[in-house]
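J.: Any chance you can model this:
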Amino acid sequence: MTVLEVDRPENFDRRRKGKGDDLDAINAALAVKSTRHTTILKSKFDAVESLRVLRVTHAHAV
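T.: Have a look, this model is predicted:
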């Protein structure tokens, strides 16, 4: 299964079209369907994430 992250809509669009959870869900589905404003989420278990955790832990320990 692929998980996609949808960028936030422009404030102008939200004011013009309305706000609400239902409308946000519909807009997110339309964005995924049209493949605009979407990115594939990074895995939390890759080497880069592991290195980031080590650096943050080290910075707080020192």
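J.: any idea which helix or strand comes after the least confident helix or strand in the chain by mean pLDDT?
T.: Ranking every helix and strand in the chain by mean pLDDT, DSSP states H and E puts strand 38-40 at the bottom, with a mean of 63. Following strand 38-40 in sequence order, the next helix or strand is helix 47-61 (DSSP states H and E).
J.: how about that following helix as CSV, C-alpha atoms only?
T.: The C-alpha trace of helix 47-61 is given here as CSV (Å, rounded to 0.1, in the frame of the first residue of the first chain):
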residue,chain,number,x,y,z
ALA,A,47,19.1,5.0,7.3
VAL,A,48,18.6,8.8,7.0
GLU,A,49,15.9,8.7,9.7
SER,A,50,18.1,6.6,11.9
LEU,A,51,20.9,9.0,11.6
ARG,A,52,18.6,12.0,12.3
VAL,A,53,17.5,10.3,15.5
LEU,A,54,21.1,9.7,16.6
ARG,A,55,22.1,13.3,15.9
VAL,A,56,19.1,14.7,17.8
THR,A,57,19.8,12.4,20.8
HIS,A,58,23.5,13.3,20.8
ALA,A,59,22.7,17.0,20.6
HIS,A,60,20.4,16.8,23.6
ALA,A,61,22.9,14.7,25.6
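J.: what distance separates that helix from the centre of its chain?
T.: 22 Å (Cα atoms, centre = their mean, to the nearest Å).
J.: I'd like the average pLDDT over that helix.
T.: Confidence for helix 47-61, expressed as mean pLDDT, is 82.
J.: tell me, how many neighbours does Arg15 end up with?
T.: The tally of other residues near Arg15 (other Cβ atoms under 10 Å) stands at 10. Every C-beta, even on glycine, is put in place using the N, C-alpha and C of the backbone.
J.: Now for it: which residues touch it?
T.: By Cβ atoms under 8 Å, 6 or more residues apart in numbering, no residues touch Arg15.
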